[in-house]
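1. pasting the sequence and the predicted model now:
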Amino acid sequence: MGQQQSSVTDRLAQIKGAQVIKSFCYTCPWTCPTEVFVRDGKVVYHKGNPEAPNNIGTRCAKGMASAWVTQDPDRLKYPLLRSNAKGEPGEFKRITWDQALDFMAEKLESIRQKWGPEAVVYLTHHDPNGIFMVQLISQLYGTPNVSIGHGSGCEGDRRSACFTTFGNIFPMHDFAHSQYILLWGMNMLGANQALFESRGLLEAKKRGAKLVVVDPSFTETAQKADEWIPIRPGTDAAMALAMNQVIVEERLHDAAFVRDHCEGFDGFAEHLREQGYTPDWAAPICGIEAETIRRLAREFATRKPAISAIFKGSGYYTNGAAAGRACYLLDAITGQVDGPGNLHLKDFAPIGMPATIPEEAMTKPSKPPLARAMGYKMTAPTSYPVLPEVPNARLPEAVLNDDPYPVRGVIVQAANPVMSDPNRERMQAMFAGLELAVAVEIYMSETALECDLVLPNTSFYEQAEIRQGMWLGAEAILGQPVVPPVGESRPMYDIVKGLAERMGWGQYFDYERWEDWAEKRVETLPVSLEELKARGFWAGELRYGKPAQGLPTKSGKVEIYSHAYADAGLCPYPLWQERSVIPDEAYPLQVTHSKLSAHCNIVTQNNPMLMEICGENWVEINSQDAARYGIRDDQMVVLESPKDKIEIRAKVVEGLVPGAVSIRHGHGFGHWAMGRIAKGKGAHSNNLMDSHTNPLTGTNSYNECKVRVRPA
Ligand code: SF4
């Protein structure tokens, strides 16, 4: 386009009479850079930032519908204080921000005096400006219990596997350059995934790459695949170990790569032999023929560049950490690590901290983080500081039984553990047992209903933020406020400033405008705040080949032999173990979950546009099972586990392993709070499950659940 010509953005701005502000979407964690068109204080249009490598100008349906959040009448507008007894559904009265912050600061001080700083936990799922609260509550107040990576409610097993194998906490995928793509429980085209990855996958397919999807369910991605491998639920580790065995046995591994860049290849070969992890052993476990496992192993090892990638579908079991490691070891032994078309070890942008806190002002925790004290040795690390994730599902034990030590205060931001963790009643009992429960939220959530104090948070359109971009290379993205806050809602940086002033730490959060702290955060970037404002992001050079430069593992290499596991007294190589809940005569069906592309977790169900696309969730059931239990397509059914039952719509399908059911969007529907559009739509399945966690990582094992089904 010639210089004199306007860009599409400029032309659109002219047509709409709007100002364009570069920002990013935070409807889901992939944070796509966006251009937001604003007129008279309202968002009139928005589109992807065409220069950004994350999304290259595009957005998904959720992103396109996201401006609703700035006008939703159900948004929280004022600070609210509980006016009835804990344990009953919350009734609240409006208070001022001064009253709210005084209350919170006093309670935090009283808990610290009585129980110590470790007795306060900060949980966030999305973490809008969570770094401010982390600096206050972790570095100054002194608790090691912060969870800003939401790993325990998400893909903590995969992150743990990537961290222990490659020293990297967040694997990404260079699908665009792959020739062979092997996905384990990963629905790239149906669930929330980075848009450049989904696009790269489809481009690779068009170029002739082979796509193999290992999943009990014929997901949206499986439907595009060259081959769908309908594996029995929770057996991915067995199949991946057997594929490793074939590659090692047939000398198809990359001998130079394992010699120069890996730790423990020979020991792994011995381990596979000793354990007898052959295709003939795996076949009856996985329900996949031994010859198919052999063929896939040979294909994977010889058709390069290749990638073996895993996501939540394989990790929602108590054996999910081993599945993650076995899957990544396929990449390791074939030398398919961090080259074009491989699993990518993402670089992170050097974004500075908003507050400069001198070492002598920091409070060192005197107790270990809850995850360690609870015995989880391989927990996924949070993104900052590198602390283990809080195992949400076990938190009630600390509050109600002081096990492993007392917790008395929980601050929840943009997270809804009552709804999104298993075992709702236990979570509600936990909140009733706290001396301080605070929800920082944009809606009255199921968790907020249980809290003492509810603080209205700004949405991503109403606040500033600088965070890591979700792209292969190092990237920093800037969110700018584009419209005024709804009601009296405040961003986290203002809430933390107000708290810090009351708690004697005001000097560390002494900014007046958001630009003051933003200037500080970009000092370590090769770009100014003004440049970031104009462009919306900064992207560093895309680097490949990091194993040759040394990795941040104990050995500096790819750890096939995991020092982290060995140092913790565990087998350094992945072991096969059956999952913990097995269907039986009384409850013959295995629960699995998959997501919906029009929704993200528990945050989109009050959006009328997205609810028009997809207004409820459902359970998929194989036609053979449907015939056996008298279920017709589109009929309401009762799903019953040993713990609870729900009514949900059934879809009878061919594309699902018999003996399993697949609940769509397990955490997002069946709200009894949140907003008038979300309330009462679809079914909430989490209460079917008990609080099973992965014994190594503390991640929720949502699929450790068996059910029976009957017509409603
Ligand atoms: S992928 Fe996520 S961040 Fe990107 S537009 Fe969609 S909802 Fe927004």
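-> Ah, there it is. Note that the coordinates shown come from a computational prediction; the quantities given were computed from them, not determined experimentally.
2. ok, which stretches of the stretch 401-550 of the chain are strands?
-> For the stretch 401-550 of the chain, applying DSSP state E, counting those that start in this stretch gives strands covering 409-413, 436-441, 453-456, 465-468, 475-479, 537-539.
3. ok, now how distant is whichever residue of the stretch 151-300 of the chain sits closest to the ligand from Asp102?
-> Going by C-beta to the nearest ligand atom, the ligand is nearest to Leu195 of the stretch 151-300 of the chain, at 5.3 Å. Any C-beta I mention is one placed from the backbone N, CA and C, and that applies to glycine too. Computed as C-beta to C-beta, to the nearest Å, the Leu195 to Asp102 distance reads 44 Å.
4. these two: who's more crowded?
-> Between Leu195 and Asp102, counted using other C-beta atoms under 10 Å, the more crowded position is Leu195 (21 against 15).
5. that one: what's it in contact with?
-> 30, 32, 48, 54-56, 58-60 (C-beta atoms under 8 Å, 6 or more residues apart in numbering).
6. after the helix or strand of the chain with the lowest mean pLDDT, next one along is what?
-> In the chain, the helix or strand scored least confidently by mean pLDDT, DSSP states H and E is helix 312-315, which has a mean of 84. Going down the chain from helix 312-315, the next helix or strand is helix 320-333, by DSSP states H and E.
7. so how far is that following helix from its chain's centroid?
-> On the basis of C-alpha atoms, centre = their mean, to the nearest Å, helix 320-333 sits 19 Å off its chain's mean C-alpha point.
8. by contact count, what packs against the following helix or strand past it?
-> Later in the chain than helix 320-333, the nearest helix or strand by DSSP H and E is strand 343-345. The contact analysis (3 or more C-beta pairs under 8 Å, 6 or more residues apart in numbering; DSSP states H and E) places strand 343-345 against strand 171-173, strand 306-310.
9. how about the CA coordinates for the longest one, as PDB?
-> C-alpha atoms of strand 306-310 as PDB (Å, rounded to 0.1, in the frame of the first residue of the first chain):
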ATOM      1  CA  ALA A 306       7.500 -33.300  13.700                       C
ATOM      2  CA  ILE A 307       5.800 -32.300  16.900                       C
ATOM      3  CA  SER A 308       4.200 -34.300  19.700                       C
ATOM      4  CA  ALA A 309       2.000 -32.000  21.700                       C
ATOM      5  CA  ILE A 310      -0.300 -32.500  24.700                       C
END
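10. give me the phi and psi for the residue in the stretch 601-712 of the chain positioned nearest to the ligand.
-> The nearest approach of the stretch 601-712 of the chain to the ligand comes at Thr604, 8.3 Å away (C-beta to the nearest ligand atom). Backbone torsions for Thr604, taken as degrees, to the nearest 10, come to phi -110, psi 0.
11. can I get the buried part of the contacts of Leu195 as one PyMOL selection?
-> Entered in PyMOL, the line below selects the buried ones among the contacts of Leu195, by 16 or more other C-beta atoms under 10 Å:
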select buried, resi 30+32+48+54+55+58+59+60
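12. hang on, the earlier thing: thought the residue of the stretch 601-712 of the chain closest to the ligand was touching Ala61?
-> No. Applying C-beta atoms under 8 Å, one finds Thr604 not in contact with Ala61, separated by 9.5 Å.
13. those two: which is more packed in?
-> Under the neighbour definition other C-beta under 10 Å, Thr604 and Ala61 were set side by side, and Thr604 has more, 25 against 17.
14. how close does the more buried one sit to Ile582?
-> Here Thr604 is placed at a distance of 34 Å from Ile582 (C-beta to C-beta).
15. what about the strands in the stretch 601-712 of the chain?
-> Using DSSP E, counting those that start in this stretch, the strands of the stretch 601-712 of the chain run over 618-622, 636-640, 645-653, 660-664, 706-711.
16. what about the residue of the chain found nearest the ligand, which SS state?
-> Residue nearest to the ligand within the chain: Gly63 (2.4 Å; C-beta to the nearest ligand atom). Assigned with DSSP: H, G, I helix; E, B strand; the rest coil, Gly63 falls in the helix class.
17. how about the residues of the stretch 151-300 of the chain near the ligand?
-> Leu195 (C-beta under 6 Å from any ligand atom).
18. all strands for the stretch 151-300 of the chain, in order.
-> 171-173, 180-184, 210-214, 227-229, 262-263.
19. quick one: the third one to strand 306-310, angle?
-> Right, the one you point to is strand 210-214. 20 degrees (axes from the mean of the first three to the mean of the last three C-alpha atoms, to 10 degrees).
20. phi and psi next, for Ala415.
-> Phi and psi for Ala415, reported as degrees, to the nearest 10, are phi -150, psi 160.
21. check contacts around it.
-> Neighbouring residues of Ala415 by C-beta under 8 Å, 6+ apart: 123-126, 150, 153, 447.
22. ok so, going back, can you read off the pLDDT for the residue of the stretch 601-712 of the chain closest to the ligand?
-> Thr604 is assigned a predicted lDDT (pLDDT) of 94.
23. likewise for Arg294?
-> On pLDDT, Arg294 comes in at 98.
24. what's the answer for Thr382, then?
-> pLDDT, Thr382: 70.
25. what sits up against the longest helix along the chain?
-> In the chain, with assignment by DSSP state H, the single longest helix is helix 97-115. With C-beta under 8 Å, 6+ apart as the test, helix 97-115 has contacts from 79, 81, 95, 119-120, 141-142, 406, 408-409, 435-436, 438, 452-453, 455, 488, 490, 495, 498-499, 502-503.
26. change it to 6 Å
-> Residues outside helix 97-115 that contact it (C-beta atoms under 6 Å, 6 or more residues apart in numbering): 79, 119-120, 406, 408-409, 435-436, 438, 498-499, 502-503.
27. mean confidence score for that helix?
-> Here the average pLDDT along helix 97-115 is 98.
28. and stretch 393-412, by the same measure?
-> 97.
29. and for stretch 31-42?
-> 96.
30. show me how far it is from its chain's centre.
-> That offset, for stretch 31-42, works out to 25 Å (C-alpha atoms, centre = their mean).
31. could you confirm whether it reaches the ligand?
-> Yes. Contact of stretch 31-42 with the ligand (C-beta under 6 Å from any ligand atom) involves 31-32.
32. just the CA trace of that stretch, in PDB.
-> Presented in PDB, the C-alpha positions along stretch 31-42 are these (Å, rounded to 0.1, in the frame of the first residue of the first chain):
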ATOM      1  CA  THR A  31      -4.400 -12.100  24.900                       C
ATOM      2  CA  CYS A  32      -4.600 -11.200  21.200                       C
ATOM      3  CA  PRO A  33      -3.400  -7.700  20.400                       C
ATOM      4  CA  THR A  34      -6.300  -5.600  19.100                       C
ATOM      5  CA  GLU A  35      -7.300  -2.300  17.600                       C
ATOM      6  CA  VAL A  36     -10.200  -0.800  19.400                       C
ATOM      7  CA  PHE A  37     -12.400   1.900  17.700                       C
ATOM      8  CA  VAL A  38     -13.900   4.300  20.300                       C
ATOM      9  CA  ARG A  39     -16.400   7.000  19.800                       C
ATOM     10  CA  ASP A  40     -18.100   9.100  22.500                       C
ATOM     11  CA  GLY A  41     -16.600   6.800  25.200                       C
ATOM     12  CA  LYS A  42     -18.000   3.600  23.700                       C
END
